[in-house]
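Visitor: Take a look and give me a structure for this.
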Amino acid sequence: MDELPIPSMIHEIRGCKVMLDSDLAQLYQVENRALNQAVKRNMERFPQDFMFQLNAEEWETLRSQNVISKFSGGRGGRRIAPYAFTEHGILMLSSVLKSEIAIDVNIKIMRVFVQMRQYALAQTGTNEQILELRKLLLLYIERNDKRVDDIIRALNGFIASPPPPSKPIGFRP
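Guide: Alright, predicted model coming up:
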């Protein structure tokens, strides 16, 4: 269980990075039903910004992307839409699920969220850098266009005016 597929289990729903109850149950090595029961017994720990249930459209979108199987074994699949846990909700799960596996997996999940946040923060200057490079490129093109334009005008000037008569070279008889 060293290499967990945690990054592939993180989805963006309602503008939040979340993990689904079924993925968390798989990682924690508990039944999905048991995870949800533990959460329901401790609902005061899971406000709306920690956990929410997917609506029909969100659930259908995830199923169409093969994130959730319609028939995941058992009696024809899920009866209710899955719950989505934000980073804070996942942290709260560690206080509800107290097994060694849950603690270990929770630490790994938090590290992935931290890595994602650090990566996102490191990318903040990218838009400004692209805009600056664009300005420099346009300035370069503008300057070089003027130079190319000057060269074309000079060449057109040579073409338009006939060449001056040349003096013969060599001895005259």
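
Visitor: From now on I want contacts and neighbour counts done on CA atoms only, so please keep to that.
Guide: OK.

Visitor: so where do the strands sit in the chain?
Guide: 10-13, 16-20, 51-53, 83-86 (DSSP state E).

Visitor: Output the below-cut-off pLDDT ranges for this structure.
Guide: Scanning the chain for pLDDT under 70 picks out the ranges 1-4, 66-77, 123-126, 158, 162-163, 172-173.

Visitor: quick one: residue 61 from residue 53, how far?
Guide: In this structure, residue 61 and residue 53 are separated by 14 Å, where distance is defined by C-alpha to C-alpha, to the nearest Å.

Visitor: do the same with residue 96
Guide: Taking C-alpha to C-alpha as the measure, residue 96 and residue 53 are separated by 18 Å.

Visitor: Check residue 119 too.
Guide: Relative to residue 53, residue 119 is positioned 28 Å away (criterion: C-alpha to C-alpha).

Visitor: More neighbours: which of these two?
Guide: Set side by side, residue 119 and residue 53 show more neighbours around residue 53, with 16 against 11, by other C-alpha atoms under 10 Å.

Visitor: Quick one: list the elements packing against the helix ranked longest in the chain.
Guide: The helix spanning the most residues in the chain, taking DSSP state H as the definition, is helix 126-160. If contacts are counted by 3 or more C-alpha pairs under 8 Å, 6 or more residues apart in numbering; DSSP states H and E, helix 126-160 sits against no helix or strand.
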